[in-house]
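> need a structure here:
(2 chains)
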Amino acid sequence: MLIKKAEDIRSSEITPKQLYVNRRAFLAQAAMAGTVIAAGVGLREAISPSNTVFAGNKIDGIKKSSFSTTETVTPYNDVTHYNNYYEFGTEKTDPAEMAKSFRPRPWKVKIDGLVEKKMELDVDEIIKMAPAEERIYRHRCVEAWSIVVPWVGFSLSELIKRVKPTNKAQYVEFTTLLDPSRMPGQRRSVLDWPYKEGLRMDEAMNPLALLCFGMYGEELPNQDGAPLRIVLPWKYGFKSAKAIVQIRFTEKQPINTWNVSAPNEYGFYANVNPGVDHPRWSQAKERRLGEFLKRPTLMFNGYGDQVASLYSGMDLKKNF
Amino acid sequence: MHRYFKPVLVLACLIPLGRLVWLGLHAGLSANPIEFITHSTGDWTLTFLLVTLAVTPLRKLTRQYWLISYRRMLGLFAFFYGCLHLMTYVWLDKFFDVHEMLVDIGKRKYITAGMTAFTLMIPLALTSTKWSIRKLGGKRWQALHRLIYFSALAGVIHYIWLVKADLKKPLEYASVLGVLLAYRVFFWIRERATPDGKATVPEIPSKSMKRNAAELP
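Numbers count the residues shown, from 1 in each chain, chains lettered A, B, ... in the order given. Reported below is the predicted structural model:
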């Protein structure tokens, strides 16, 4: 099994500074010439970020997990420089650039709703609740690209067991931080902020559902959801809420932000399903970052053995 | 104009392609190079379409009538980047899977719009020669080339229909196109309002365009 250590990846993945500098000079010239012919339209496209952000702090004593895939891990630099995180901008390269100065500490997480005892915990208390595991998961975006990431965290069920939801709790809702001064993407109402996501209780208790605070052996980088996020490898990426400040237990199905934005395109369940197309594109195949040809998408992203039973008897075309 | 203007302009129009090649050689095409190339060539196709459409208003407003001699080249560059954009889709995205592409064209609105935009550019590129203008006659040639309005409209709609939530960029293109088309509608109405068809304004589209055709190098 090939698991690159973070420090190996770093030194080999970083483009030499000279190249960035040259590229900037080139882009500046291109931009100037472009202005003449393009009258400014299309120029934003010519500007791309270049700097690498590392969270830096290593997490000690990470255990291996039997849930990990043996597939090749996507390079750190790709995972951290190509993702959707609209709180930091709508371009794939925005989060790395715009989240640089974001401070994920101090950080409180409110736990409320249908629980025996409502509480507010410091994120560092939550991290210490259970031993950290490395889970190398396939991660499939609803936009038909995918990555393989060595996340660090523990099963969400570990937290849920400790906070003791009442019998009435049927769902759990996650809320992302709302703070336009720290999350510049929230200054535009592209989505209905704050970002909310939800799970049915049995989904949340499935051991695959990961409460995540690290990746590649280190603390989560800002642009990937620091300090605390969830990771749901059998669902499209948008279900995996980032920078969580509130975990609420409810009786009714919570709303989820993308579903509110476009109900016919993004459902509540959002299970990876090659047989159910997004209205505007096919979900049958995906492009794994770093690969040239597209590969077939697997039902439940290949995690059917663990999660298919959660949905037995459900019409997944209707409950997309 | 200065005799070096044309070659300099040609080189400038090739910068977007040169940039892609350069970035490609320096691992600068992001983690998803095929998407990067698709977006970049698409952006530049639309940009060149709008620049081409800007020539007529610009030359009239600034009275820089020589600008017309570069319109054909700009239009052909729009077609050139459109070809690259389509090739990226056909080759890099669909890998020549004809069935998949036909399903796409029928099923996905934004692909239908994009294909329409491209298809409408083909006759314009084919009849861009001086010979074609002579053969078709200025008036018919000009009527045919009004297809560019519909190509640009379909192109902008293609973009609007494909984005997930952030309409900012496609709406920027749409508003520029809106201004360029509004300019034409304005003059068309003004021309029709003039009783004998002979406008009091020296520059009306049909008259000047006929001359434009003749002015083409």
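
> could you pull out the strands for the stretch 101-250 of chain A?
In the stretch 101-250 of chain A, the strands defined using DSSP state E, counting those that start in this stretch lie at A:108-113, A:119-122, A:133-140, A:145-155, A:171-176, A:196-200, A:210-215, A:218-219, A:229-231, A:244-250.

> compare those strands and give me the one nearest chain B.
Proximity to chain B (CB to the nearest CB) singles out strand A:145-155 among the strands of the stretch 101-250 of chain A, at 6.0 Å. For every residue, glycine as well, the C-beta is placed using N, CA and C.

> ok, back up a step: highest average neighbour count across the strands of the stretch 101-250 of chain A?
Among the strands of the stretch 101-250 of chain A, strand A:210-215 has the highest mean neighbour count (mean count of other CB atoms under 10 Å in any protein chain shown), at a mean of 25.

> now that strand, how far from the centre of its chain.
Computed by CA atoms, centre = their mean, to the nearest Å, the chain-centroid distance of strand A:210-215 equals 10 Å.

> show me what that strand is packed up against.
Counting contacts by 3 or more CB pairs under 8 Å, 6 or more residues apart in numbering or on different chains; DSSP states H and E, strand A:210-215 is packed against helix A:123-127, strand A:145-155, helix A:156-163, strand A:229-231.

> next, format the strands of the stretch 101-250 of chain A as a markdown table and append mean pLDDT.
Output for the strands of the stretch 101-250 of chain A, formatted as a markdown table (pLDDT from 0 to 100):
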| stretch | mean pLDDT |
| --- | --- |
| strand A:108-113 | 97 |
| strand A:119-122 | 96 |
| strand A:133-140 | 98 |
| strand A:145-155 | 98 |
| strand A:171-176 | 98 |
| strand A:196-200 | 98 |
| strand A:210-215 | 98 |
| strand A:218-219 | 96 |
| strand A:229-231 | 98 |
| strand A:244-250 | 98 |
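
> just to revisit the earlier point, quick one, which of the helices and strands packed on strand A:210-215 is nearest to B:I189?
Shortest distance between B:I189 and the helices and strands packed on strand A:210-215, using CB to CB, is found for strand A:145-155: 47.7 Å.

> nearest residue to the middle of the chain?
I'll assume chain A. The centroid of chain A falls nearest to A:S240 when counting by CA atoms, centre = their mean (5.1 Å).

> sorry, I should have been clearer: chain B.
Geometric centre of chain B, nearest residue: B:L49, 2.0 Å, by CA atoms, centre = their mean.

> save the helices and strands packed on strand A:210-215 as TSV, and put in distance to A:G89 too.
Shown next, in TSV, are the helices and strands packed on strand A:210-215 (distance: least, CB to CB, whole Å):
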stretch	distance to A:G89
helix A:123-127	24
strand A:145-155	18
helix A:156-163	28
strand A:229-231	18
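
> need these in a markdown table (columns: distance to chain B).
Output for the helices and strands packed on strand A:210-215, formatted as a markdown table (distance: least, CB to the nearest CB, whole Å):
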| stretch | distance to chain B |
| --- | --- |
| helix A:123-127 | 28 |
| strand A:145-155 | 6 |
| helix A:156-163 | 27 |
| strand A:229-231 | 19 |
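
> picking up where we left off before, distance to B:W91 added to the strands of the stretch 101-250 of chain A, as TSV?
Below are the strands of the stretch 101-250 of chain A laid out as TSV (distance: least, CB to CB, whole Å):
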stretch	distance to B:W91
strand A:108-113	48
strand A:119-122	52
strand A:133-140	24
strand A:145-155	18
strand A:171-176	39
strand A:196-200	37
strand A:210-215	34
strand A:218-219	38
strand A:229-231	34
strand A:244-250	42
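
> out of those, flag the one nearest B:K169.
Using CB to CB, the nearest of these to B:K169 is strand A:145-155, at 19.6 Å.

> for the closest one, name the packing helices and strands.
Applying 3+ CB pairs under 8 Å, 6+ apart, we find strand A:145-155 packed against helix A:76-81, strand A:133-140, strand A:210-215, strand A:229-231, strand A:285-288.

> what are the pairing partners of the shortest one, and which direction each?
Sheet pairing for strand A:229-231, assigned by DSSP bridges, gives strand A:210-215 (antiparallel).
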